[in-house]
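Q: Below is the sequence, then the predicted model.
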Amino acid sequence: MDIDDLLARLPIDQIAASLGVDEDTAEQATRQALPALIGGMQANAQDADGAASLAKALDDHDDDLVDGGVDLGRVNTDDGEKIVSNVFGGNRDQVVNQLAGFNSKGGGSDLIGKLLPMLAPIVLSYLAGKVKGGGNAAPSQQAQSGGGLADILGGLLGGGGSGSGGGLGDLLGSLGGLLGGGKR
């Protein structure tokens, strides 16, 4: 399980059309936004309240959104906005601006601001499938046991090297203190 597996499931053409950009721009922005979302979730899952909040969100989502390929028309961006707010808390705008600075294809913070709520429900659906379908304990049980969710999220981030080069470490390093600012 790694971030490239999740990326392969995403309809970059639909994302590009929805954002009004070309596919290269959409893909690069997605490659930056996904690790930030996952890293924020991982940072929040480091403490008991954050892990419990994430576990509840996973209990409320299932993997049907990503099962067999993602149809962007089924993504609830209002739910995505709530997820993004929970993940980044008061740091949302700073994270968006930081991510926009890493996107050499352009699009700026408006692009990232629209993209994050599209991706957030997809990430939760993907994680729900990995947690529930992978023979692991239910998310709420994992939250009680400590690092289960954080470990899964860390595994996702650890596998993102092939398409993103050395940029993933730079990106996450620059977001450092901004990640984990969400609800706990």
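A: Here it is on my side, so go on. Numbers count the residues shown, from 1 in each chain.
Q: Every contact and neighbour count from this point should use C-alpha atoms.
A: Noted.
Q: Tell me which other helices or strands the helix or strand hosting Asn86 touches.
A: Assigned by DSSP states H and E, Asn86 belongs to helix 77-88. Applying 3 or more Cα pairs under 8 Å, 6 or more residues apart in numbering; DSSP states H and E, we find helix 77-88 packed against helix 23-44, helix 92-102, helix 108-133.
Q: Of those helices, which is nearest Val66?
A: helix 108-133 (6.1 Å; Cα to Cα).
Q: Determine the set of other helices and strands touching the closest one.
A: Using 3+ Cα pairs under 8 Å, 6+ apart: helix 108-133 touches helix 12-19, helix 23-44, helix 48-59, helix 77-88, helix 92-102, helix 139-145.
Q: again, 6 Å this time
A: Secondary-structure packing of helix 108-133 (3 or more Cα pairs under 6 Å, 6 or more residues apart in numbering; DSSP states H and E): helix 77-88, helix 92-102.
Q: returning to what we had before: relative to helix 92-102, how tilted is the helix holding Asn86?
A: Angle, helix 77-88 to helix 92-102, by axes from the mean of the first three to the mean of the last three Cα atoms, to 10 degrees: 90 degrees.
Q: starting at the chain centroid, how far to helix 77-88?
A: Centre-to-centre, helix 77-88 and its host chain are 10 Å apart (Cα atoms, centre = their mean, to the nearest Å).
Q: got the angle for it vs helix 23-44?
A: 50 degrees.
Q: Just the buried positions in helix 77-88, please.
A: 77, 80-81, 83-88 (16 or more other Cα atoms under 10 Å).
Q: One more: stretch 50-65?
A: Neighbour-count burial for stretch 50-65, counted by 16+ other Cα under 10 Å, picks out 50-55, 57-59, 61-63, 65.
Q: Kindly indicate which of the residues you listed lies nearest Ser18.
A: Out of the buried residues of stretch 50-65, the member with the shortest distance to Ser18 (by Cα to Cα) is Leu65, at 17.4 Å.
Q: per-residue confidence for the closest one?
A: At Leu65, the pLDDT value in this model is 81.
Q: i'd like the first residue to be 4 from this point on
A: Sounds good: first residue 4 from here, last item Leu68.
Q: Chain neighbours aside, what residue packs nearest to it?
A: Ser128 (6.0 Å; Cα to Cα, 6 or more residues apart in numbering).
Q: Tell me how far the one you found lies from Asp25.
A: According to Cα to Cα, to the nearest Å, Ser128 stands 26 Å off from Asp25.
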